[in-house]
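Student: model this:
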Amino acid sequence: MKYLMGIDNGGTFSKAAIFDENGTQISVASVPTVTITPKPGYTERDMNELWEVNAEAVRLSIEKSGIDPKDIAGVSFSGHGKGLYLVGYDGKPSYNGIVSTDMRAWEYIDKWSADGTKEKIYPMSYQTILACQPVALLAWLRDHEPEVLENTKYIFHVKDYVRYMLTGEAYAEYTDSTGGNLVNLNTKQYDKELLDCFGLGMCMDKLPPLKYSAEICGYVTEEASKKTGLPAGIPAAAGMFDVDACGIGSGLTDPDKLCMIAGTWSINEYISKEPIANGTVDLNSMFCMPGYFLVEESSPTSAGNMEWFIRNLMSYEKAEAKENGGSVYDITNEWVDSIDPKDSNVIFLPFLNGSNEDALAKGTFIGLTAFHNKKHMLRAVYEGIVFSHLTHVKKLLRNRPAPESIRLSGGAANSDVWVQIFADAFQIPIDVIEDKEIGAQGAAIAAGIAAGIYTDYEDAVKKTVKITKTIYPRPEYKEIYEEKYATYRAVIDALGQGGAWKRFKN
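Tutor: All right, here's what the predicted structure looks like:
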């Protein structure tokens, strides 16, 4: 039996997981990554520390697995998209890593919308422009810390940096680069005309060569082997943007399917032979399967909001659950399930980490009275996150028929109570994917193709992806959730009028 490792770097943790050829998760190790917030709206990481954290996660995963590391046939990577990870001419980081929740460049989005740049670049990249994308962050550095760009040799995404540290070889990869406004989707290459639209032509020679997700991008070096425990000389596949990894790890191999990932980010996606070029969706990028595009609607508006609620409003319950050998999530599910949806009209806007409505939108509760308590607020959090996903999916469904079911992964998928809210609000059955590290699984699939264990993605999915349950919508809740969603939209529209969000920019 051969094994595969997937290394996944998300918003708050670095994870390394080992899978067998049949997709069984043998072990996983998760190590928190420290977020640096020097100013409001800034989220950074020390890149040297990030490499140490990844090496620790790999070592722990190997130790926990009990397998002979010589039986690991390959390694690959998944990571948060957007953000920015720069390496200098000396081979060391030239700036802190910038995470995908960073909003320092929000003014550039307003500027590029006003001056026509947004419309000009769309026929090339088929992307809207986000404050957390590399182009916005590079423009911010150009104007505020130009010496950083002068000293930069390589512009990486997070997974590319980790791969570089394992192999010593510098490559970029299509799913991330096309998801960040760096590639012309018509030519599938970097494009100086596109970069010049952002005033970033000087960055053209800092973009590493592009590879497909399952292409080999080097081999684990002796130095990295001593640090991580991975065998020297095993192949490292390029890997992919975590939305692709979660998609392929959920079995997204044909255009009929639709997937949602409810983690730190709300990810909603399907694949198509052609990008959606009519402007009705925000993000088109190349999918990890050659020949397909990923049609995506996403924002940092999902389960990360609930983690904030637990951290700030449920510390007592969390400590009590730990003392009793239980989980705080058992309490959250019990609380939400105890309140019928028709009995609470509190609305929560899940914009604590960013928004799919306005770059400056903020999270809030609307409709609280003295009658309400934390249970009502928590139900509003569950529902608000579902409504944000629903907003995205409604945009996607302008261009395709509704699917027979939606495949759901991420933290919310572990809660039957929450999945039922998804099903009731969408009025579509929800398929729950087997509980494992889906992002790392997608990365491991790429490693398996590179190592010759799988012939292609379809072969890998047949062998590794399992649906554990399907939760069906309850028709009697259809009108209740339609009314709640209409209220949610009305609150957002009202706050967006007259530039109200700008008053809360700090």
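Student: Residue 259 and residue 409 touch, don't they?
Tutor: Yes: assessed by Cβ atoms under 8 Å, residue 259 is found in contact with residue 409 at 7.4 Å. C-beta coordinates here come from the backbone N, C-alpha and C atoms, glycine included.
Student: Which neighbours do the two have in common?
Tutor: Shared contacts of residue 259 and residue 409 (Cβ atoms under 8 Å, 6 or more residues apart in numbering): 246, 250.
Student: in the stretch 251-400 of the chain, which spans are strands?
Tutor: With DSSP state E, counting those that start in this stretch as the criterion, the stretch 251-400 of the chain has strands at 259-262, 266-272, 283-286, 293-299, 347-349, 364-366.
Student: out of those, deepest packed?
Tutor: Ranked by mean neighbour count, those are led by strand 259-262 with a mean of 29 (mean count of other Cβ atoms under 10 Å).
Student: per-residue confidence averaged over that one?
Tutor: Over the span of strand 259-262, the pLDDT mean works out to 92.
Student: That one pairs with which strands, and in what direction?
Tutor: As defined by DSSP bridges, the strand partners of strand 259-262 come to strand 266-272 (antiparallel), strand 406-409 (parallel).
Student: closest to residue 22 out of those?
Tutor: The closest of those to residue 22 is strand 406-409. By Cβ to Cβ, the value is 18.4 Å.
Student: outside of the closest one, which residues touch it?
Tutor: 246, 249-252, 257-262, 393, 419, 422, 426, 428-433, 438, 467.
Student: How is the chain divided into domains?
Tutor: Annotated domains of the chain cover 3-238, 304-434+469-504 [automatic domain parsing].
Student: I'd like the ones you listed as a markdown table, with distance to residue 459 appended.
Tutor: Formatted as a markdown table, those follow (distance: least, Cβ to Cβ, whole Å):
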| stretch | distance to residue 459 |
| --- | --- |
| domain 3-238 | 11 |
| domain 304-434+469-504 | 18 |
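Student: okay if I get these as JSON lines plus mean pLDDT?
Tutor: Formatted as JSON lines, those follow (pLDDT from 0 to 100):
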{"stretch": "domain 3-238", "mean pLDDT": "96"}
{"stretch": "domain 304-434+469-504", "mean pLDDT": "92"}
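Student: Mind checking those domains for the one nearest to residue 456?
Tutor: domain 3-238 (8.5 Å).
Student: what distance separates the start and the end of that closest one?
Tutor: Domain 3-238 has an end-to-end distance of 18 Å (Cα to Cα, to the nearest Å).
Student: Also stretch 68-77?
Tutor: The straight-line separation of the ends of stretch 68-77 (Cα to Cα) is 21 Å.
Student: in that stretch, what's buried?
Tutor: 69, 72-77 (16 or more other Cβ atoms under 10 Å).
Student: Turn these into CSV, including secondary structure.
Tutor: Conversion of the buried residues of stretch 68-77 to CSV gives the following (DSSP: H, G, I helix; E, B strand; the rest coil):
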residue, secondary structure
69, helix
72, strand
73, strand
74, strand
75, strand
76, strand
77, strand
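Student: Stretch 156-172: end-to-end distance?
Tutor: Per Cα to Cα, stretch 156-172 runs 7 Å from first to last residue.
Student: how distant is that stretch from the center of its chain?
Tutor: 18 Å (Cα atoms, centre = their mean, to the nearest Å).
Student: returning to what we had before: please pick the buried ones from the contacts of strand 406-409.
Tutor: Looks like these have 246, 249-252, 257-262, 393, 419, 422, 426, 428, 430-433, 438 buried, using 16+ other Cβ under 10 Å.
Student: With distance to residue 199 added, can I get the strands of the stretch 251-400 of the chain in a markdown table?
Tutor: Listed next are the strands of the stretch 251-400 of the chain as a markdown table, based on distance: least, Cβ to Cβ, whole Å:
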| stretch | distance to residue 199 |
| --- | --- |
| strand 259-262 | 33 |
| strand 266-272 | 30 |
| strand 283-286 | 22 |
| strand 293-299 | 26 |
| strand 347-349 | 33 |
| strand 364-366 | 35 |
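Student: just so I know, which of those lies nearest residue 92?
Tutor: Here strand 283-286 is closest among those (Cβ to Cβ), at 29.6 Å.
Student: Identify the residues contacting the closest one?
Tutor: Contacts of strand 283-286 (Cβ under 8 Å, 6+ apart): 125-128, 174-175, 178-179, 183, 185, 188, 241, 275-277, 292-298.
Student: switch the cut-off to 10 Å
Tutor: Under the criterion Cβ atoms under 10 Å, 6 or more residues apart in numbering, residues 81, 122, 125-128, 130, 133, 173-181, 183, 185, 188, 210, 212-213, 240-241, 243-244, 269, 272, 274-277, 292-298 lie in contact with strand 283-286.
Student: What of stretch 474-491?
Tutor: 340-342, 344-350, 357, 364, 366-367, 380, 383-384, 386-388, 390-391, 394, 420-421, 423-427, 473.
Student: Can you give me the neighbour number for the spatially closest residue to residue 23 that is not a sequence neighbour?
Tutor: For residue 23, ignoring the flanking residues on the chain, the nearest one in space by Cβ to Cβ, 6 or more residues apart in numbering is residue 464 at 2.6 Å. Neighbours of residue 464 under the rule other Cβ atoms under 10 Å: 26.
Student: swap in the one 5 residues further on?
Tutor: For residue 469, the neighbour count with other Cβ under 10 Å is 12.
Student: Please identify the buried residues of stretch 431-446?
Tutor: In stretch 431-446, residues buried by neighbour count (16+ other Cβ under 10 Å) are 431-434, 436-446.
Student: Among these, name the ones in strands.
Tutor: Mapping these onto strands (DSSP state E) picks out 431-433.
Student: any idea which of these is closest to residue 44?
Tutor: Using Cβ to Cβ, these come closest to residue 44 at residue 433, 31.8 Å.
Student: I'd like the distance between the residue lying closest to residue 366 once chain neighbours are set aside and residue 394.
Tutor: Nearest residue to residue 366, sequence neighbours excluded (Cβ to Cβ, 6+ apart): residue 347, at 4.4 Å. Going from residue 347 to residue 394 by Cβ to Cβ, to the nearest Å gives 18 Å.
Student: The nearest residue to residue 178 once chain neighbours are set aside bridge partners, please.
Tutor: In this structure, residue 178 finds its nearest non-sequential neighbour in residue 285, 4.0 Å apart by Cβ to Cβ, 6+ apart. With DSSP bridges as the criterion, residue 285 is bridged to residue 294.
Student: For residue 450, find the nearest of the strands of the stretch 251-400 of the chain.
Tutor: strand 283-286 (17.4 Å).
Student: Could you pull up the mean pLDDT of the closest one?
Tutor: Per-residue scores along strand 283-286 average to 93.
Student: So what's the residue count around residue 323?
Tutor: Residues near residue 323, counting by other Cβ under 10 Å: 8.
Student: and the gap between it and residue 331?
Tutor: Separation of residue 323 from residue 331 (Cβ to Cβ) stands at 13 Å.
Student: what do you get for residue 14?
Tutor: For residue 14, the distance to residue 331 - Cβ to Cβ - is 28 Å.
Student: quick one, which of the two is more surrounded?
Tutor: Neighbour count, other Cβ under 10 Å: between residue 14 and residue 331, residue 14 has more, with 26 against 18.
Student: What is the subsequent helix or strand relative to the helix or strand containing that one?
Tutor: For residue 14, the host element (DSSP states H and E) is strand 13-20. Per DSSP H and E, the first helix or strand lying C-terminal to strand 13-20 is strand 25-32.
Student: could you say what helices and strands that following strand packs with?
Tutor: Contacting strand 25-32 under the criterion 3 or more Cβ pairs under 10 Å, 6 or more residues apart in numbering; DSSP states H and E are the following elements: strand 3-9, strand 13-20, helix 47-65, helix 438-450.
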